[in-house]
Each structure stands twice: as structure tokens, then as C-alpha cells.
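>>> Build me a structure from this.
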Amino acid sequence: MKKWIITLCLVIASIISVNAQEEEQIVTATTVEDPAAETAYNEGTALLQQKKYSEALLKFNEAIDLKPNFEKAYLNRAIAHVELKNFKDAVIDYNQAIALDPTPAAYFGRAQVQYELKEPDKAKADYGKVIEMDPTYAQAYYYRGGILFEQGNYDDAIINYNMAIGSKPNYAYAYNDRAGCYRLLNKPDQAMNDYNKAIVYASDNASFYGNRGSLKRQMGKPEEAIKDYDEALRIKAGDYITLNNRGLAKFDAGHYHESLDDFTAVIKLKPDYAYAYNNRGNTKYKLKDYSGAVADYNEALRINPKYEYAYLNRGIAKEMLREEQGACADWQMAFELGVTSAEAYVKNQCK
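Prediction:
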């Protein structure tokens, strides 16, 4: 076969956007007309705070039976339903709470549940209601921005993150997610500024360091990326995605033996992670361990038989072992699975 330019394909598994998991707002009862309903409600609220959700549910049922228009009981019962993953029941309770007292908190809670039910447009509409009632409600802008992000509408997502930050200048998650938008819009400098701000306001968040590290790697700064991944792993030891990404940065920096160690650590943590086998195979290739590389690509393909880049890379390693027929078969499979660059290998190296 003719000699051909060899391009190994590594896989990065970085997290661009991290949605905040913020606690539901539990509502405390003020004095109500029915003391028995209030007692049941307060007991339910105490149980809710103790994370005894099923028991809390029974108390809120009791309060509502005694006082059917007890809107705060509907709100807190909705929270209990959410924690128990009874999302449809939670929507019913939020509907009732809104009918009795249409507060921003009630619309916000319903929006969160609509998202869980995979109704993003309904969720956006409810976040819009929240914002109409309270234009300073930072979380509503943030979560609406998150939906727009997922829908690929990065410019409008940025507008919402801007508003969230305007209402809450230290909103670390909003900076992080806005940075994700800037990355996807190919504005790395603006993304870097936002990751830096996110870290200033939440220096203990491993994901923010991981995201910034991935951006630095994307910008061709692997040594700086490694430092961010180190910090992320200091905060959250044993995170296999961060270990994988640090391995990629070490690969980029030419630290192949250290890179190999990271990918091996990933495989120990998550033996079914095909990307780590592919990436370790690429590292072994760089260290001229072609047989070891093929063994890793084999394992990646055992886990995921349609892993197109593992076929491409295995073909390259087989070519170095002079397994010409096997190399061509792998490149042909990679091409059939959608790797357009594999066609050049087939045309130029195979009979």
C-alpha cells in the first residue's frame, strides 16, 4: 500500500453546559382559618425539610382535605411529588396553586416540572410568566436560557443569561452556561472571560474548571488545560470524564506515558467507556505499540460496534503492522459509518 498521512481521531467528552440543581422553595404557612389544616401543613413542611417525602405527602393530603383552597399546601405537595418523581401529579398541584394564587413561585415550579416532562415550550412559557410578574427573577431567565441553549438558539440563550446576571451579578452558573454559548459560537475569548468569572464566584465547582480546561485545550494550550483538569480532579476526585479529558490534554502536550496512565485510570473507573479505549489506543500508537493499540480499538468496538473512529484508527494501526487487508476493511467500515476522511484511505491505500 502507498504511504498516507496518518490522522488519529481522539474523542473529548467535555461538559459545555451545566444546569444548576437548585432546591425547590418550600413555602411556610402563615396563619390560616383552619388550625387543624395549619397543623397538618406545618407537620408536612417539617417532613419535607427532612426529606421524608412520602410522609410529607400524606400530611399535605390531610391539610388539603381539611382546607381545599389551601394554596401553600398545593405548592409544597407539588414539591414532594417532584422529589418522588410524580411529575404529572406535581403539575396538577401547581395548576391548582396557580388557580388559587398565581405567584411567580408557582409558575416557576410548574416550569421546572414541564421541563422534566419533556415539554420545553410549555416550560419556556411559564418562565415567561414568571418574568412578566417579576422582571428580576434571575432563575427564570437562567433556566429559560438553558432550554434555548439545548434548542441550539445560542444568541437568545445569551440574552437570557445576560438578564440573569443583570439581576444576580454573582450567578456563577449563568456565567458558565453563557461561556458554553460563546464556545459554540466560536467566540473563545468571551467564553474564557465567562469561565473565569464563574470560577471567581464558585471556586469549588469542578465542572467549571473542567469546562475551562477543555476550552484551553481547544485553544491549543494543553499545558494550561492540564492545570485546570488537575484542579477539577482535586475537587472531584475520580471523575472519569475529567480524567479522560486530562489524558487528551497530556496527549496534545506530548506526555504520552502520563496520558496512558490517565486513560487506564478511566478504564478502571468505567470499564464500558469505549472512548477511553480508543484514546488509549491512540496513545499506544504514538508509543509505537501498534499491537497494543489494536487490542484497545478491539475493546472499544466490542463495547460499541458502530464506533466509526475506532474503525478508522484500528485501520491505521493495522497498516503499521502490515495487515493490509484488515486495514482496508476497517477503513471501509469507517467510511460506511460516516467518516468521510476514511474514503481517502480506501482510495489511496487499498486495491
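
>>> And the helix or strand harbouring residue 107, what does it pack against?
Under the criterion of DSSP states H and E, residue 107 resides in helix 104-116. For helix 104-116, the packing partners by 3 or more C-beta pairs under 8 Å, 6 or more residues apart in numbering; DSSP states H and E come out as helix 71-83, helix 87-100, helix 120-133, helix 138-150. To be clear about C-beta, it is placed using only N, CA and C from the backbone, and glycine gets the same treatment.

>>> which of those is buried the deepest?
Counting by mean count of other C-beta atoms under 10 Å, helix 71-83 has the highest mean neighbour count of the helices and strands packed on helix 104-116, with a mean of 25.

>>> Contacts only, for the spatially closest residue to residue 298 that is not a sequence neighbour.
Taking C-beta to C-beta, 6 or more residues apart in numbering as the measure, residue 298 lies nearest to residue 314, with 7.3 Å between them; neighbours along the chain are not counted. Residues touching residue 314, when contacts are defined by C-beta atoms under 8 Å, 6 or more residues apart in numbering, comprise 281, 293-294, 297-298, 301, 330.

>>> Highest neighbour count among those?
When these are compared by neighbour count (other C-beta atoms under 10 Å), residue 297 ends up highest, at 30 neighbours.

>>> for that one, what are its contacts?
Contacts here follow C-beta under 8 Å, 6+ apart; on that basis residue 297 touches 277-278, 281, 310-311, 313-314, 317.

>>> Please produce a markdown table containing these, extended by distance to residue 129.
What follows is the contacts of residue 297, written out as a markdown table (distance: C-beta to C-beta, whole Å):
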| residue | distance to residue 129 |
| --- | --- |
| 277 | 48 |
| 278 | 46 |
| 281 | 52 |
| 310 | 48 |
| 311 | 50 |
| 313 | 51 |
| 314 | 54 |
| 317 | 57 |
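
>>> Just the ones of those residues in helices?
When those are checked against helices using DSSP state H, the ones located there are 277-278, 281, 310-311, 313-314, 317.

>>> May I see the ChimeraX selection of the buried members of those residues?
Provided next is the ChimeraX selection string for whichever of these are buried by 16 or more other C-beta atoms under 10 Å:
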select :277,278,281,310,311,313,314,317
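
>>> quick revisit: quick check: of the contacts of residue 314, which lies closest to residue 197?
Out of these, the one with the shortest distance to residue 197 is residue 281. That distance is 38.0 Å, counting by C-beta to C-beta.

>>> Tell me how far the closest residue to that closest one other than its chain neighbours lies from residue 110.
The spatial neighbour of residue 281 that comes closest, neighbours along the chain excluded (C-beta to C-beta, 6+ apart), is residue 296 at 3.5 Å. Taking C-beta to C-beta, to the nearest Å as the measure, residue 296 falls 48 Å from residue 110.

>>> Residue 204 too?
Taking C-beta to C-beta as the measure, residue 204 and residue 110 are separated by 31 Å.

>>> Please say which of the two ends up with more neighbours.
Under the neighbour definition other C-beta under 10 Å, residue 204 and residue 110 were set side by side, and residue 110 has more, 25 against 9.

>>> for the more buried one, what are its contacts?
Shown in contact with residue 110 (C-beta under 8 Å, 6+ apart): 78, 91, 94-95, 98, 126.
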